[in-house]
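[1] Give me a model of this one.
(chains A and B)
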Amino acid sequence: MRTALQDALLPVGAIAAALLLFGALVALSGVNPLDVWRTLFLGAFGDWFSWQNTLQRAAPLMLTALCVVLPARAGLVVIGGEGALVLGGLACAALPYAVPLPENVLGTALVLGAGALAGALWIALVGWLRQARGVNETISSLLLAYIAIGVFKHLVEGMLRDPSSLNKPSTYALAEGLRIGGIGGSDVHWGLVLGVLACLASGLWLQQTASGFAVRVVGGNLRAAQLVGLPANALVLVACAAGGACAGLAGAVEVAAVHTNANASLIAGYGYAGILVAFIARQSPYAVIPVAILFGGFGAAGSLLQRRLGLPDASVQVLQGIAFVLILASEALRDVRWLAPKWRST
Amino acid sequence: MTHDAWIALLAGIGGGALRVGVPFLFVSLGECLTEKSGRINLGLEGVLVLSAMSAFGAAYLSGNAWVGVLAGALAGAALAALHGALCALPRVNDVATGIALMLLGTGLAFYFGKPLMQPQAPQIPAIDLGRWSDAPALQAALQINALLPLGLALAVLLWWGFARTRYGLLLRLAGDSAHAARALGYSVQGIRLIATTCGGMIAGLGGASLTLYYPGSWNEGISSGQGLIAVALVIFARWSPLRCVGAAALFGAAGAVGPALQSVGISWGYNLFNTVPYVLTLLILVASCRPGTVAQGSPGELSNNS
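    Numbers count the residues shown, from 1 in each chain, chains lettered A, B, ... in the order given. Got it, this is the predicted structure:
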């Protein structure tokens, strides 16, 4: 029980400390920190308009965070979700070029499935390189993200380009019937539901199924997993593919619900923000949901910070960075006696 | 392609190796020093961007490029020291911390660098090695960054220091066997903190050469993964500072393929050719890693060995 309390309190404390430090930083640039905190709150959760913006950003964050969480539970630190997201969006926009699709729910499912498949293959490649060739997955996933972005730009500016997109090279827009609409006429699209469902399904898989348990054994102690005869390589590949599928789905949802075509706006850093969300959620798929909403909110408030207080657009990135550093540092507090549970694993 | 176009292409790639290779050289030397002490700093990407911005800002404000170089080195050292200090805490993992500092370093650089997008800062002087030639392409290619000799000297100094000095031995001891270093009464965390900080300072020089030498401006796309490529580059160089020089030149050349092709009028696949360094890095990793074994020359305490 004390551990559970600590698990919740440490991240909350770290985020609070991050907000304080961020306030001190903006005070250096002559902006009143109280205004910043108020604007952050208003821009994220102040009214229904802010909430819509927040939830719209939370959807891809949940999915890209899962691209970190699922491999992490199998023992791999994968940070290249951005690549899977970008290729997922590209595959979603490109599928109608290749095959005629019915303009209904089935067609939408197919373009989303194409995105998920592209992402799954991309991150599975990372897992395969690690298991078969011993290549460090953290580095390879990030290199592959840069390669994915290069391929994306090459195709969007070349073969797949809609000739009428002059200033901003884009693919042809998805047909009306293939797009994802808002829930009940709002700006919050069904991608949010997909994100929440993916988090719940991942949590159930890891906690309640034999194969999910096997993945956690592989991640916890590879030697033990091999001794009891678990197919470690296959499990790692499955975890990577599942994570990649989520990130690919994030890209596909962004295309089908927000941008309607694939263009450079897709490369917005959701893949990297997802890493932060996963670490703050302590690699728990359930905790990803509230953390993604919180950081979706900070992202939504970013433009308000810029407009109202004249802060640079990178302010939110600084806040994210500070939060990330503090969340990692907060792990050290587990050793402080009055905070630590009686039973220790190490 | 005509004969002249070939010359221009090769000169472009060769010149690129000299030009783009300089930041690679400094970052890989910094990473090499850090990893020799048994710790990985993935945050060098953040260090590179933050020091590039600091160097540009300081050079712009002071009107002196060398003040900028110093500021870049100091900013790099500061961010790396934060990495070193965080990793010294119990239960804090160096890979995760590196990712966090990558995010923080780039965030801080973009935050403080916003007003620096427009102005021009004084540049590091160029050393002209191409005066003997009358081909303008060659002359342009052989204009080298004044920081390059410093980088080469540092590579030799580190190589000599690792092999021949007491401090180098201590550093390698902390990197290969923390237990042995502890048994001799040295603070492993202290050694690693110093090594990480010095590594960040060296990488900061690379950041300075990004913004204070051709093309010589600050923008948010100034480094795209060069700090990370450095991690792979050190593996390729088998943790030897001298081999880092050759590896940096190779990666610089790879990075120059895209722009060089464009300069001779081949614009097809520009985005694809720009991914050459990443593809090359990946191929080198695939070729040099074996599952279940430790890369040759790798410090024993490095966390990617497990």
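[2] If you count contacts, what does the host helix or strand of B:Q262 end up packed against?
    Under DSSP states H and E, the secondary-structure element containing B:Q262 is helix B:241-263. In terms of contacts (3 or more CB pairs under 8 Å, 6 or more residues apart in numbering or on different chains; DSSP states H and E), helix B:241-263 is packed against helix B:3-36, helix B:147-164, helix B:226-236, helix B:270-273, helix B:276-288. C-betas here are computed from N, CA, C, even on glycine.
[3] Please identify the most buried of those helices.
    Stretch with highest mean neighbour count among the helices and strands packed on helix B:241-263: helix B:226-236 (a mean of 28; mean count of other CB atoms under 10 Å in any protein chain shown).
[4] which residues does the residue most central in space within chain A contact?
    For chain A, the residue lying nearest the average C-alpha position, counting by CA atoms, centre = their mean, turns out to be A:T64 (2.1 Å). With contact taken as CB atoms under 8 Å, 6 or more residues apart in numbering or on different chains, A:T64 is in contact with A:G81, A:E82, A:L85, A:C246, A:A247, A:A250, A:Y270, A:G271, A:A273, A:G274, A:I275, A:V277.
[5] mind running it again at 6 Å?
    Going by CB atoms under 6 Å, 6 or more residues apart in numbering or on different chains, A:T64 touches A:G81, A:L85, A:A247, A:A250, A:Y270, A:G271, A:G274.
[6] Filter these down to just the ones in helices.
    A:G81, A:L85, A:A247, A:A250, A:Y270, A:G271, A:G274 (DSSP state H).
[7] about what we covered before: export the helices and strands packed on helix B:241-263 to a markdown table and append columns for distance to B:M117 and mean pLDDT.
    Supplementary listing: these in a markdown table, determined by distance: least, CB to CB, whole Å; pLDDT from 0 to 100:
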| stretch | distance to B:M117 | mean pLDDT |
| --- | --- | --- |
| helix B:3-36 | 20 | 86 |
| helix B:147-164 | 23 | 91 |
| helix B:226-236 | 20 | 83 |
| helix B:270-273 | 23 | 84 |
| helix B:276-288 | 25 | 87 |
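[8] So for A:P100, which of the ones you listed sits nearest?
    helix B:270-273 (29.1 Å; CB to CB).
[9] just the CA coordinates of that closest one, formatted as PDB?
    Once non-C-alpha atoms are left out, helix B:270-273 reads as follows in PDB (Å, rounded to 0.1, in the frame of the first residue of the first chain):
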ATOM      1  CA  TYR B 270      17.700  15.100 -51.600                       C
ATOM      2  CA  ASN B 271      15.800  13.900 -48.500                       C
ATOM      3  CA  LEU B 272      16.900  10.400 -49.000                       C
ATOM      4  CA  PHE B 273      20.600  11.300 -49.400                       C
END
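[10] Could you verify my assumption that B:L50 touches B:G107?
    No - B:L50 is beyond contact range of B:G107, at 9.2 Å (criterion: CB atoms under 6 Å).
[11] the more surrounded of these two?
    Using other CB atoms under 10 Å in any protein chain shown, the more surrounded residue of B:L50 and B:G107 is B:L50, with 30 against 24.
[12] Done for today, thanks.
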